[in-house]
Structures are given as structure tokens and as C-alpha cells.
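A.B. asks: Predicted model, plus sequence, below.
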Amino acid sequence: MLSNKKLVATMALALSLTLSACGTKEDSAIKDGSDDMIKTITELKTQVADSDETKAKESGEALEESWEKFEDSVKDKDADLYEKVETPLHIIEAGVKVSPLDADTLNKAADDLTNVLND
């Protein structure tokens with residue numbers, strides 16, 4: 001017969017293994033999507049610095065496409081985090097459509113979005 005300590009330790013191990021498997025696929029999709037968006041943001045900042053309006057617009061669209069792949073998962077898990085992503089993302093989406101590009105606004109929104117995605 002197992003002692004109480006061994007029984008508790010065994011149950012704790014089983015619970016932690018069970019919980020670690022929960023949401024792994026969803027968490028992976030969120031991580032992959034965030035990484036993809038951060039890469040696009042880096043490209044966007046270069047395009048803004050170069051005043052490349054065409055490529056900046058494409059990057060703005062690419063950010064939205066990346067976000068669409070996992071935004072529902074984020075919204076279901078953390079509504080506050082969802083809003084923190086949406087706000088700078090919408091600024092970027094609108095900002096890349098303006099000519100000439102407002103580098104200060106776009107760079108601030110890009111930095112804000114990067115910080116949220118890294119959290």
C-alpha cells in the first residue's frame with residue numbers, strides 16, 4: 001500500500017501531466033501566430049523607415065491575416081489581451097493606407113503591438 005506522501009506525489013504528477021497536455025495545440029498556434037506577426041512588424045518598421053508605402057500596406061494586410069488565424073483563441077482565453085492586440089493593430093491597418101506614411105504613429109503602434117505579443 002502506498003503511503004500518503006507517495007499517493008499525493010503520484011496524484012500531483014498525474015494532474016500536472018494532464019494539465020500540461022491541455023491547450024498545447026492552441027497555445028502553440030498562438031505562439032506561432034505571435035512570432036509570425038512580430039516578424040511582419042519588424043519588416044513593417046523597415047518599410048516605414050524607407051517610406052515604402054506599397055510594402056507597408058502589404059505588411060499591414062499580412063498582420064491582419066496572421067491575426068485572423070488565432071484571434072478567436074486569444075479572445076476566448078483572455079478578452080483583455082485581445083483588446084490590447086486589436087487597438088494597435090487597427091492603428092497600423094489604418095495608418096498604412098495614409099499617404100504619406102506617418103512614421104511616428106506607425107512605429108509607436110508597431111512597438112505597442114510587439115510588446116503585447118511578447119507578453
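C.D. replies: Noted; the coordinates are in hand.
A.B. asks: Need the residue closest to the centroid of this structure.
C.D. replies: Ser34 (3.3 Å; CA atoms, centre = their mean).
A.B. asks: hang on, it packs against Asp119?
C.D. replies: No - at 9.3 Å, Ser34 does not count as touching Asp119 under the criterion of CB atoms under 8 Å. The way it works is simple: take the backbone N, C-alpha and C, and place the C-beta from them, glycine included.
A.B. asks: so where do the helices sit in the chain?
C.D. replies: 4-21, 24-49, 53-77, 79-95, 103-118 (DSSP state H).
A.B. asks: buried residues in the last one?
C.D. replies: Yep, that's helix 103-118 we're talking about. Neighbour-count burial for helix 103-118 flags Leu106, Asn107, Ala109, Ala110, Asp112, Leu113, Thr114, Val116, Leu117 (criterion: 16 or more other CB atoms under 10 Å).
A.B. asks: For those residues, give me CSV that also has distance to Asp27 and pLDDT.
C.D. replies: Output for the buried residues of helix 103-118, formatted as CSV (distance: CB to CB, whole Å; pLDDT from 0 to 100):
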residue, distance to Asp27, pLDDT
Leu106, 30, 97
Asn107, 29, 97
Ala109, 26, 97
Ala110, 24, 97
Asp112, 23, 97
Leu113, 20, 97
Thr114, 19, 97
Val116, 16, 95
Leu117, 14, 94
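A.B. asks: May I see the residues you listed organised as TSV, with distance to Glu65 added?
C.D. replies: Listed next are the buried residues of helix 103-118 as TSV, based on distance: CB to CB, whole Å:
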residue	distance to Glu65
Leu106	18
Asn107	21
Ala109	17
Ala110	16
Asp112	20
Leu113	15
Thr114	17
Val116	18
Leu117	15
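A.B. asks: Go through those residues and say which is closest to Glu26.
C.D. replies: When those are ranked by distance to Glu26 (CB to CB), Leu117 comes first, at 16.1 Å.
A.B. asks: How about that closest one, nearest residue that isn't a chain neighbour?
C.D. replies: Ser34 (4.4 Å; CB to CB, 6 or more residues apart in numbering).
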